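>>> dropping the sequence and predicted coords here.
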Amino acid sequence: MKKQTKIFTSLTKDVKKKFKNFVKGTIIKNSIQYSTNTINRLKNINHISKWNFK
């Protein structure tokens, strides 16, 4: 019985670690995507304003 619980606790630790890393990864990915989207929006706004003032 003790052996089983040991295996189970190590498994849950591993899963928790993987889940934390996954969450961190998705947050980083989302922030990068968000920043690139904002940069693209700003570029588009810049193009539009140049086009309007010509």
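Arrived safely. This structure is a prediction, so every number in the text was calculated from the model and none was measured.

>>> from here on, contacts and neighbour counts on C-alpha atoms
Fine.

>>> ok, Lys16 to Phe22 distance?
10 Å (C-alpha to C-alpha, to the nearest Å).

>>> now do Lys6
Plainly put, Lys6 is 24 Å away from Phe22 if you go by C-alpha to C-alpha.

>>> can you check Lys13 too?
Computed with C-alpha to C-alpha, the distance linking Lys13 and Phe22 is 14 Å.

>>> likewise for Gln4?
As judged by C-alpha to C-alpha, Gln4 and Phe22 stand 27 Å apart.

>>> more crowded one of the two?
Taking other C-alpha atoms under 10 Å, Gln4 and Phe22 do not tie; Phe22 has more neighbours (12 against 8).

>>> check the secondary structure at the more buried one for me.
helix (DSSP: H, G, I helix; E, B strand; the rest coil).

>>> now do it, the pLDDT please.
Phe22 carries a pLDDT score of 92 in this model.

>>> what residues are up against it?
Phe22 makes no contacts at all, as judged by C-alpha atoms under 8 Å, 6 or more residues apart in numbering.

>>> do the same with Lys20
By C-alpha under 8 Å, 6+ apart, Lys20 has no neighbours at all.

>>> for this protein, which segments count as strands?
Taking DSSP state E to define them, one finds no strands in the chain.

>>> residue ranges of the helices in it, please?
Along the chain, the stretches classed as helices by DSSP state H are 2-53.

>>> where does this protein dip in pLDDT?
Applying pLDDT under 70 to the chain flags residues 1, 48-54.

>>> can you do 90?
Under the criterion pLDDT under 90, the flagged ranges of the chain are 1-16, 40-54.

>>> and Lys17, how close does it get to Leu11?
Computed as C-alpha to C-alpha, the Lys17 to Leu11 distance reads 10 Å.

>>> to clarify, my last question referred to Ile32.
From Ile32 to Leu11 the distance is 31 Å (C-alpha to C-alpha).

>>> cool, and Ile28?
Distance, Ile28 to Leu11, by C-alpha to C-alpha: 26 Å.
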